[in-house]
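Enquirer: kindly return the folded structure for what I paste below:
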Amino acid sequence: MSQDPAFKILLHVCCGPCSLYPIDDLRDFLSDEDFSITGIFYNPNIHPIEEHARRMEGASIAAQSKGIELVKFSDFDQAKWANFDGPAEERCKLCYTMRLVFVAKYAAENGFTHFTTSLLVSPYQNHQQLCKTALMASEKYGVEFLYRDFRLGFRSGQDQARGLGIYRQKYCGCILSKEK
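Expert: Sure thing, here's the model as predicted:
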């Protein structure tokens, strides 16, 4: 009977290109440890439905290329975002909270010791708000948030995605960001 690894990490994957460098970084960071990495695609903020499908496919290709399992949820809720009329920073906070709380809960319910997110690779995301939200989710569900500043590898991940032929999107995901 095999023992669970010391670091059983659940990596929230927003899309294929953004997941590639974080997987490499986590492997390097934990190279002296007993660890496993599983990806999770949970992004009901991504619209329209065709975009959601393209990003899920890209996430699947990235996970396969890195040899990790990817748990996929095809939740889709365009109305929630299309009807949001608050400022952009509040919309992003809602988006981060919805996804990271789900991921932390899933991690806690499925025996993961840590969770993190590929959103931390993007220089376009609100890094401080992401961390604050992840820490809140960590406290709520009792699973540790593994912070890594993946931004240094943003271009590396994009280059890897290009080499693998993975679709690279032009907006963060919600219907309102697409319109801008």
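Enquirer: what about the helices in this protein?
Expert: 16-29, 49-66, 78-82, 88-109, 127-141, 154-164, 175-179 (DSSP state H).
Enquirer: most neighbours per residue, which of these?
Expert: Of all the helices of the chain, helix 16-29 carries the top mean neighbour count, a mean of 22, counting by mean count of other CB atoms under 10 Å. C-beta: built from backbone N, CA, C; applies to glycine.
Enquirer: pLDDT averaged over that one - what is it?
Expert: Mean pLDDT, helix 16-29: 97.
Enquirer: and if you look at stretch 94-112?
Expert: On average, stretch 94-112 scores 96.
Enquirer: okay, that stretch in CSV with CA atoms only?
Expert: Provided in CSV are the C-alpha atoms of stretch 94-112 (Å, rounded to 0.1, in the frame of the first residue of the first chain):
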residue,chain,number,x,y,z
LEU,A,94,-16.0,38.0,-7.5
CYS,A,95,-14.4,35.9,-10.2
TYR,A,96,-11.3,35.1,-8.1
THR,A,97,-13.4,34.3,-5.0
MET,A,98,-15.8,32.0,-6.9
ARG,A,99,-13.0,30.0,-8.5
LEU,A,100,-10.6,29.8,-5.6
VAL,A,101,-13.2,29.0,-3.0
PHE,A,102,-14.4,26.1,-5.2
VAL,A,103,-10.8,24.9,-5.7
ALA,A,104,-10.0,25.1,-1.9
LYS,A,105,-13.2,23.2,-1.1
TYR,A,106,-12.5,20.5,-3.7
ALA,A,107,-8.9,20.2,-2.4
ALA,A,108,-10.1,19.8,1.2
GLU,A,109,-12.7,17.2,0.2
ASN,A,110,-10.3,15.2,-1.9
GLY,A,111,-7.3,14.9,0.3
PHE,A,112,-5.0,17.5,-1.2
